[in-house]
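Chemist: Fold the following for me, if possible:
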Amino acid sequence: MDLGVTVEERKLQIQELEELCLEGYENSCLYKERTKILHDKGILRKVFQEGDKVLLYKARFKQGKLHARWDGPFVVLKAHNFGMIEILDEQTGHVHKVNRHLIKHCHANDKPS
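Modeler: Residues are numbered from 1 along each chain as shown. This next block holds a predicted model:
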């Protein structure tokens, strides 16, 4: 066997392997982008206006099956652009600052559950 031919064959094999790795990486990136687009389509954007009635999620305590997971209703005082919502507890008069992900709209026939 000629040493020069063997070296050339080995270089070609390494080059093919690198191309396969790059192709796999590109396919992985495309898959992640498509998955992200599909995931983002399913996310509901919550928009809160001043005066809206909302329920607040009880995130601090682990509760059993039959306990209410939502408190409220509260009234939205101010909705900030960066995700913070100021809500007013009408019974006590306290103002709470909460993340928009912890509240949901309260409809007239909804009860905390």
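Chemist: Every contact and neighbour count from this point should use C-alpha atoms.
Modeler: Noted.
Chemist: residues of stretch 8-18 that come out buried?
Modeler: For stretch 8-18, the neighbour count (16 or more other Cα atoms under 10 Å) marks no residue as buried.
Chemist: Name every strand pairing with the longest strand belonging to the chain and say which way it goes.
Modeler: Longest strand in the chain, counting residues (DSSP state E): strand 70-79. Strand 70-79 has its sheet partners listed here by DSSP bridges as strand 53-57 (antiparallel), strand 84-88 (antiparallel).
Chemist: quick one, domains of the chain?
Modeler: Per automatic domain parsing, the domain ranges recorded for the chain read 1-43, 53-105.
Chemist: Including mean pLDDT, could those go into CSV?
Modeler: Below are the domains of the chain laid out as CSV (pLDDT from 0 to 100):
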stretch, mean pLDDT
domain 1-43, 91
domain 53-105, 85
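Chemist: Tell me which of these sits most buried.
Modeler: domain 53-105 (a mean of 15; mean count of other Cα atoms under 10 Å).
Chemist: Just give me how far it sits from the chain centre.
Modeler: 19 Å (Cα atoms, centre = their mean, to the nearest Å).
Chemist: Next, the distance between the ends of it.
Modeler: The first and final residues of domain 53-105 sit 6 Å from each other (Cα to Cα, to the nearest Å).
Chemist: okay, which residue is most central for the protein?
Modeler: Ile43 (7.5 Å; Cα atoms, centre = their mean).
Chemist: Surely Phe48 is in a helix?
Modeler: No - Phe48: not assigned to a helix; according to DSSP: H, G, I helix; E, B strand; the rest coil it is coil.
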